[in-house]
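> One predicted model, sequence on top.
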Amino acid sequence: MNWGRKIVLGMAIFMLFIIGMVVYMFKVHGNDALMEDDYYEKGINYDADYKAINNVFADKAEPKISLTASQVIIQLQDSVAYDLKFKCASVAKDDIKQTGATIGHANLILLDRAKLRKGLWFVELRWTNHQKAYFFKKDLML
């Protein structure tokens, strides 16, 4: 085999590698947990989110998050309707979205820990109380 055939063979192998990587990237596309589908809409609504985050600190309404062996317990100050998102850092299909109202006099939100894989989770909690919007974000390691 002369040097001309080796160069052509090397280029062919490299081109197959690049084509394989392109096919793999298109196959994996959409499973990224850090990619937002409505990125531009979130940018437009950033001021409302910023005010809601500041409301949490101004009113000292930060939720208390407790971990037990079987549950994740989130306690709020008042009985409210909420929108909760648990985003898995590694796999987007494991994300949990839950809406509802707090439970009991302790104003609790309960999540079954068996459904949650170990690792880093991003918690986003939105609620409204007395016509005031609140938005709480926290990273949680399970």
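Yep, it's here. A quick note: this is a predicted structure, and the numbers were derived from the prediction, not measured.

> Now the helix or strand bottoming out on mean pLDDT in the chain: buried residues?
Taking mean pLDDT, DSSP states H and E as the measure, the helix or strand of the chain with the lowest value is helix 39-44, at a mean of 82. Buried residues in helix 39-44, counted by 16 or more other CB atoms under 10 Å: none are found. (Glycine included, C-beta is placed from N, CA and C.)

> which element is the residue most central in space within the chain on?
The centre of the chain sits closest to Lys87, judged by CA atoms, centre = their mean, with a distance of 2.6 Å. Under the criterion of DSSP states H and E, Lys87 resides in strand 81-88.

> for the next helix or strand after that strand, packing partners?
Remark: after strand 81-88, the chain's next helix or strand is strand 96-101, criterion DSSP H and E. Judged by 3 or more CB pairs under 8 Å, 6 or more residues apart in numbering; DSSP states H and E, the packing partners of strand 96-101 are strand 81-88, strand 108-112.

> Just the strands from this structure, written as ranges.
Secondary structure of the chain by DSSP state E: the strands cover 64-67, 71-75, 81-88, 96-101, 108-112, 120-129, 132-141.

> and the angle from the fourth one to strand 120-129?
It refers to strand 96-101. Relative orientation of strand 96-101 and strand 120-129, computed by axes from the mean of the first three to the mean of the last three CA atoms, to 10 degrees: 20 degrees.
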